[in-house]
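[1] Below is the sequence, then the predicted model.
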Number of protein chains: 2
Amino acid sequence: MTVEINKNFCSLEDNYLFSKIRAKKRDYEEKHPDQIIINLGVGDVIGALTESAINALKSGIEAYKSVENFKGYPPEQGYPFLREKIVNYYKKFNVNLDIDSIFISDGAKSDLSNIIEIFSDLTALIPTPVYPVYVDTNIIKGNKIKYLECIPENNFLPLPNKQLKGSYLIYLCSPNNPTGAVFSYEDLKKWVDFANSTGSIIIFDSAYEAFIRSGVPHSIFEIEGSENCSIEIASFSKRAGFTGLRLGYTIINRKSKRMNEFALCWARRQATEFNGVSYLIQKAGEATLTELGLAECQSKIDYYLKNAEIIKKVFIDKGFNVYGGTDSPYIWIDCKKDSWEFFDEMLEKYQIVGTAGAGFGKGGEHFYRLSAFALRKDILLAVNRLKK
Amino acid sequence: MTVEINKNFCSLEDNYLFSKIRAKKRDYEEKHPDQIIINLGVGDVIGALTESAINALKSGIEAYKSVENFKGYPPEQGYPFLREKIVNYYKKFNVNLDIDSIFISDGAKSDLSNIIEIFSDLTALIPTPVYPVYVDTNIIKGNKIKYLECIPENNFLPLPNKQLKGSYLIYLCSPNNPTGAVFSYEDLKKWVDFANSTGSIIIFDSAYEAFIRSGVPHSIFEIEGSENCSIEIASFSKRAGFTGLRLGYTIINRKSKRMNEFALCWARRQATEFNGVSYLIQKAGEATLTELGLAECQSKIDYYLKNAEIIKKVFIDKGFNVYGGTDSPYIWIDCKKDSWEFFDEMLEKYQIVGTAGAGFGKGGEHFYRLSAFALRKDILLAVNRLKK
């Protein structure tokens, strides 16, 4: 007998999706060093960071220069100055949180994975196609998974149905990655009611909420009854361009007796297995939530949404059925063929890198995702190539 | 049936040790607002950060100001510039690593916890008293734990013995937290041989290696045969004062066929459940591994070691048996009574906060840990109070 690897890793795809795409892009570049690839694949923001955030980083460094102001281990749940700003942010949506319900982290991806640890064995209920992290982390941790199909016929927004018996860890992502679909208040209410009546918990991934323009909910906590069954996981990556700085947070409403039990476990988990986020990055995060900071971020998001509009139109004009791209940076294209085949075609013919829908799992096999996180000139270049 | 909490959390102490100490300190301060407490409890460094690191942070910000140099999602395993510097650092100890064996993270605490996920169910073999994270994370993840006693009679350095049958995940920390004990080459070799002959894996926590002055090994990879059975988890926190910046790394030697299997799982785990460390912090880390940066760090460590020498002497003069404090920032005092009682006594009588040995688990019940991470003036103030 020896110490062995966790066999669940063998049930995963060989590579994390975006590692695979990077490898394909690299291969093509090596074979065609003269070609300029337009990368609309991975959902990474483009620079620069907002001025507010830059200024906060600059002045944040001052703290590390002196004994008196030095910042060592950060508070386990995050600095109160940042958590207060987050509480304020949610007031815009008529959501009243208390500061103890906010847990700062190094990003939504970490939290989405680590949060599973506070639950006993369970069945995850995951709409598919989906951000692969929900599926992969549940596989690694040995949970059962039940899938819900996201198809054009349900607007990529499956609802509770009578086949669902028992309690689940329900993953909802709105605005959705990869489909760009957004839940209405009414449909989210159906999920909250289902969760409360079955003892389920909703993991609400709100990473893209800042892209919402159509008046749908930004937060699960806008829904009546959600405080007793929901955990919201949020990120500064897409809202404020922090993909490279690493900052996110999780909200568990401590006012709910049931959820406070989970909050206590999560607090213990984070204090024991994580050591917080640097003061420097938290200061930058705070700056993006000031009035000025929010305006700067929204102007960047407007820019991305305009990108989405431009690129979406080309595919519509070419006769494709295209979804998303209005409350979301993602365009979800029904490519009518195998998605990796379409991926290769787009790379070979137009030197455009997107994401093959199959990478997002079942239901994505004939779809292709384009991201609007790009410079306008690259979007226009892509449009020109596609029009030829 | 509802989604329930992971019951393993109920087997943990109510609070993470250092949260408990902070609470006790806060209580005392509220009751005695006029008293000045000297905090030698939590092992947090004092400011300022080294000049090299400050300068690297300053110039690192530049990258976020422009589209051209913008740094988004960091490479999953860390930037090559930092991993190269780490490879170089180990050459000083005649350890040859390749860059792919280094995995950058936001700190040793995260890695010590997350690494468990790549193994199937196992028994952890943990010397005690010990840094509570080893125990707590294994409890949370439902592993069995076997303890090895660290006592004055074995110099707090237990060795393999005939009662140990089967394979284990073996935790070794040298220089040790909390006892300050350091393993010799010969004794580490016994552990490596044991691990190789039983199919065990050694988790070697080298967070305090920069404090070594006596010529004992800095890295498990100095030991012949270690590459086939060892994972080293290292940190910039104590070496370079990065407790507040958050930077660490894990080494799994990919040249070993057996260990490469674990490295592949770890790479997949990190790519899926973690999103890397910001360019800014990695640049600061790189700067601390230049010749100048290393010299600056060593001068700070000399300062802490001098602190340790000063405070250790007082307790020796008072007739206590005192350990550690030479290759380590920690002084381990045999306080001859219940350690929390001694903790309270030190707080009440001298307004000194240390750490009750019981907080480090079995074997710590009659010990008290003092940390040398303090300003010299506070160490001298503590000495004066203790001498009265």
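    That came in fine, so what should we check first? Residues are numbered from 1 along each chain as shown, chains lettered A, B, ... in the order given.

[2] What residues sit buried inside stretch A:150-162?
    By 16 or more other Cβ atoms under 10 Å in any protein chain shown, the buried positions in stretch A:150-162 come out as A:150, A:156-158, A:160. (C-beta placed from N, C-alpha, C; glycine too.)

[3] try stretch A:90-99
    Quick answer for stretch A:90-99 (16+ other Cβ under 10 Å): A:90, A:95, A:97.

[4] cool, stretch A:360-378 as well?
    A:360-361, A:363-374, A:378.

[5] residue contacts, A:Gly363?
    Going by Cβ atoms under 8 Å, 6 or more residues apart in numbering or on different chains, A:Gly363 touches A:128-129, A:149-151, A:357.

[6] hmm, try it at 6 Å
    Counting by Cβ atoms under 6 Å, 6 or more residues apart in numbering or on different chains, A:Gly363 makes contact with A:128-129, A:149-150.

[7] who wins for most neighbours among those?
    Per-residue neighbour counts (other Cβ atoms under 10 Å in any protein chain shown) across the contacts of A:Gly363 peak at A:Pro129, which has 29 neighbours.

[8] hmm, back to that, and which of the buried residues of stretch A:150-162 is nearest A:Leu188?
    A:Leu157 (9.6 Å; Cβ to Cβ).

[9] Name the nearest residue to A:Ser113, sequence neighbours excluded.
    B:Glu273 (3.5 Å; Cβ to Cβ, 6 or more residues apart in numbering or on different chains).

[10] Also A:Arg22?
    In space, A:Arg22 is closest to A:Val42, 7.4 Å off (Cβ to Cβ, 6+ apart).

[11] Now for the contacts of A:Gly363: which two are most distant?
    A:Pro129 and A:Glu149 (9.1 Å).

[12] isn't A:Pro178 right up against A:Arg369?
    Yes - distance between A:Pro178 and A:Arg369: 4.4 Å, which falls inside the contact criterion (Cβ atoms under 6 Å).

[13] Between the two, which contacts overlap?
    Joint contacts of A:Pro178 and A:Arg369 (Cβ under 6 Å, 6+ apart) are A:330, A:332.

[14] can you give me the helices for chain A?
    Here chain A has its helices, by DSSP state H, at A:17-31, A:51-61, A:80-91, A:108-114, A:132-140, A:185-198, A:237-240, A:257-273, A:279-288, A:291-317, A:339-350, A:376-387.

[15] so what's A:Leu347 up against?
    A:Tyr28.

[16] nope, A:Glu261 is what I meant
    B:Ile5.

[17] Over to A:Cys150?
    A:127, A:156, A:179, A:363.

[18] Quick check: closest non-adjacent residue to it.
    That would be A:Phe156: by Cβ to Cβ, 6+ apart, it lies 4.0 Å from A:Cys150.

[19] A:Ala124 is in contact with A:Lys144, isn't it?
    No - the criterion here is Cβ under 6 Å, and A:Ala124 misses it with A:Lys144 at 7.2 Å.

[20] Nearest to chain B within the stretch 201-350 of chain A, name that residue for me.
    Residue nearest to chain B within the stretch 201-350 of chain A: A:Glu273 (3.6 Å; Cβ to the nearest Cβ).

[21] cool, the stretch 101-250 of chain A as well?
    Nearest residue of the stretch 101-250 of chain A to chain B (Cβ to the nearest Cβ) works out as A:Gly199 at 2.5 Å.

[22] Just give the nearest non-adjacent residue to that residue, would you?
    In space, A:Gly199 is closest to B:Thr2, 2.5 Å off (Cβ to Cβ, 6+ apart).

[23] Look up phi and psi at the one you found.
    Dihedral pair for B:Thr2: phi -130, psi 170, per degrees, to the nearest 10.

[24] Can you give me the pLDDT of it?
    Note on B:Thr2: pLDDT of 92.

[25] For it, the count of nearby residues, please.
    Around B:Thr2 there are 13 other residues, counting by other Cβ under 10 Å.

[26] Serialize the contacts of A:Cys150 to CSV and add fields for distance to A:Tyr304 and pLDDT.
    Listed next are those as CSV, based on distance: Cβ to Cβ, whole Å; pLDDT from 0 to 100:
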residue, distance to A:Tyr304, pLDDT
A:Pro127, 24, 98
A:Phe156, 20, 98
A:Thr179, 17, 98
A:Gly363, 25, 95
